[in-house]
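Asks: Sequence plus predicted model, see below.
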Amino acid sequence: MSAAAELIQHCQTQLKRVIVGQQEVVDHTVLTLLCGGHALLEGVPGMAKTLLAKTLARILRIGYQRVQCTSDLMPADILGTNVLNTATATFALHRGPVFTDLLLVDEINRMPPRTQAALLECMEERQVTIDGVRHQLAPVFTVIGTENPIEFEGTYPLPEAQLDRFLLKINIGYLSAEEEIQVLGNHHNGFDAHNLDRMEFESIDQQHLLDAREEVKRVRIEDALFRYLVQLIRRTRDWPSVSLGASPRAAVTLMLAAKGLAAMDGRDYLIPDDIKGAALPVLRHRLLLKPEAELEGISTEQVIKDLLKTVEVPR
């Protein structure tokens with residue numbers, strides 16, 4: 001079994017012990033780590049977003065920090081600052097929560113614009129600039145941002161530049177009735193989401209994640225699939241209900257996510273279904289609909305699904 005396929009299988013097995021259902025959410029979150037990107041999780045409170053990130057960090061043996069965003073959060077609160085040591089009369093760097101491997105930014109849209117800009121450098125450059133000095137972040141540094149889709153009071157909508165830095169936008173829906181019954185049974189039998197230390201997970205070495213990332217880079221793509229991918233992206237720019245289509249960076253991101261899906265499936269070559277499978281989470285936050293389309297109830301997901309039907313699939 002390839003490193004990527006083994007990684008997703010191991011994570012699925014271990015996460016099932018604490019996360020009920022949400023198979024696609026789990027797969028796409030692991031895909032984000034596999035591709036070295038960042039993910040935006042959108043769902044109402046109580047859908048185990050924090051639990052997913054915390055458990056995944058334990059399974060992969062990587063560092064984990066959480067930031068609860070508020071309207072008065074300052075850049076220094078997440079980046080850190082230089083603190084004067086009065087005993088030695090020298091400054092020492094007090095590292096903020098971004099100096100970790102997996103950073104959960106809870107309610108990211110409550111973060112004020114100045115702090116959002118500071119986080120943007122971390123996400124794009126994998127570095128922090130404090131008092132003019134650059135500090136490198138961890139090789140596997142990943143941001144998982146969460147936001148509530150229905151509560152907008154006291155929030156700052158994420159700018160398009162920051163949204164574009166998220167590899168995937170993952171929507172989290174409600175569980176089925178049977179799955180909710182299982183959640184109740186788990187808690188009745190002693191499961192405590194706030195006390196994961198009592199659970200013993202079978203961890204996987206961090207090097208395994210790095211090996212899996214190398215596999216993603218080696219996935220082969222035929223020329224016909226390059227053309228297919230570009231046709232999909234270009235079609236978004238002249239779609240009747242879209243005011244702003246996907247950028248060339250979106251094309252690169254879609255290719256990377258599709259290669260990740262291929263590697264997770266144990267293949268070293270790309271097929272059209274990989275591109276189709278990555279299209280929704282990659283493009284749903286990169287397209288802007290026209291106001292009249294939104295008034296008609298047209299959603300971005302509907303546009304992407306319709307668009308996929310219009311582009312001829314290479315054989």
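Replies: Received the coordinates, thanks. Numbering: from 1, shown residues only.

Asks: Relative to the centre of this structure, find the outermost residue for me.
Replies: Ranked by distance from the centre of the chain (CA atoms, centre = their mean), the top residue is Ala87, with 42.9 Å.

Asks: Can you identify the element that follows the helix or strand where Glu180 lies toward the C-terminus?
Replies: Under the criterion DSSP states H and E, the helix or strand holding Glu180 is helix 177-188. Past helix 177-188, further along toward the C-terminus, the next helix or strand under DSSP H and E is helix 206-217.

Asks: Tell me who's in contact with the spatially most central residue of the chain.
Replies: Within the chain, the residue whose C-alpha comes closest to the C-alpha centroid is Ala39; the distance, by CA atoms, centre = their mean, is 1.2 Å. Contacts for Ala39 were tallied using CB atoms under 8 Å, 6 or more residues apart in numbering; they are His28, Thr29, Thr32, Thr142, Val143, Ile144, Gly145, Phe166, Leu167, Leu168, Lys169, Ile170. (Each C-beta comes from the backbone N, C-alpha and C, glycine too.)

Asks: Just these: which are in strands?
Replies: The strands, defined by DSSP state E, take in Thr142, Val143, Ile144, Gly145, Leu168, Lys169, Ile170 from the contacts of Ala39.

Asks: Now the two most distant members of the residues you listed.
Replies: Across the ones in strands among the contacts of Ala39, the longest distance by CB to CB is 14.8 Å; it joins Thr142 and Lys169.

Asks: The two - which one has more neighbours?
Replies: Between Thr142 and Lys169, counted using other CB atoms under 10 Å, Thr142 has the larger neighbour count: 25 against 21.

Asks: ok, the more buried one - contacts?
Replies: Contacts of Thr142 were listed using CB under 8 Å, 6+ apart, and they are Thr32, Leu33, Gly36, Gly37, His38, Ala39, Asp101, Leu102, Leu103.

Asks: what bridges to it?
Replies: Beta bridges link Thr142 to Leu102 when assigned by DSSP bridges.

Asks: And the pLDDT at it?
Replies: As predicted, Thr142 sits at a pLDDT of 91.

Asks: Same question for the one 3 residues further on.
Replies: We note a pLDDT of 92 for Gly145 in this prediction.

Asks: what helices or strands is the one helix or strand Gln9 maps to leaning on?
Replies: Applying DSSP H and E as the criterion places Gln9 in helix 3-15. Based on contacts counted as 3 or more CB pairs under 8 Å, 6 or more residues apart in numbering; DSSP states H and E, the elements that helix 3-15 packs against are helix 23-35, helix 49-60, helix 206-217, helix 248-264.

Asks: Cheers, nothing more for now.
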